[in-house]
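Student: quick one: sequence plus predicted model below, questions after.
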Amino acid sequence: MPNTKKQKKIKRNSFKMKRLPKGPNGGIELLLIQSVDNLGKQGDVVEVKPGYAHNYLIPQGLATVATDHHKRMVEKHKALLAAIYEQKNAECKALYEQLQNVSVSIPANANDEGRLYGSVGAPEILAALKEQNITLAEDQVRLPSTLQELGLYKVKIHLSAEYETELSVWVVPTVTVK
């Protein structure tokens, strides 16, 4: 086999991620497309660590690179973004007020000591709320762990950064007809 010097050179580092612009503190500047808890609201320019940007915010579609063009577009649409935020905030407030006087009862099979044969989790709580014409997402129900005994529980409901409430959940034994 002849040894030629015109062999193809392998392009090194061709698989690396595209470099994102650095902010003043050494992080990556991003423009939030959607509001992210503990980070900022929609339209904010934030500075985050590179791993958080590459692995979560950009792939999930929550943020984009904060270029001058994107910043100008946000300033142009700031009033529209404020109106959308106010509408979402009003919906959360109405749902918050609706949940203040609500409690749910979830029937479950249990033994004589009150231990459940299964467990009660967020899907069961959401189904009980849906019977009362209240619709929530599964990630809005904050349970420390599944409920495994009969009794009354206070479950946190996270509606938004401003609105969080507690819901009374009664886990009661199922009634068997003989």
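Tutor: Cool, the structure landed.
Student: any low-confidence regions in the protein?
Tutor: Where the chain drops to pLDDT under 70, the residues are 1-18, 175-178.
Student: for the residue nearest the centre of it, give its distance to residue 122.
Tutor: The centroid of the chain falls nearest to residue 139 when counting by C-alpha atoms, centre = their mean (6.2 Å). The spacing between residue 139 and residue 122, counted by C-beta to C-beta, to the nearest Å, is 8 Å. Heads up, the C-betas are built off the backbone N, CA and C, glycines and all.
Student: gap between the lengthiest helix in the chain and the chain center?
Tutor: Longest helix of the chain, by residue count under DSSP state H: helix 78-99. Centroid displacement of helix 78-99 relative to its chain, using C-alpha atoms, centre = their mean, to the nearest Å, is 17 Å.
Student: same question for stretch 127-145.
Tutor: How far stretch 127-145 lies from its chain's middle: 14 Å, per C-alpha atoms, centre = their mean.
Student: which residues does that stretch contact?
Tutor: By C-beta atoms under 8 Å, 6 or more residues apart in numbering, the surrounding residues in contact with stretch 127-145 are 95, 98-99, 102, 104-106, 121-123, 125-126, 155-159, 167, 169.
Student: can you count the residues close to residue 129?
Tutor: 19 (other C-beta atoms under 10 Å).
Student: packing partners for the longest helix of the chain?
Tutor: Applying 3 or more C-beta pairs under 8 Å, 6 or more residues apart in numbering; DSSP states H and E, one finds that helix 78-99 contacts strand 164-173.
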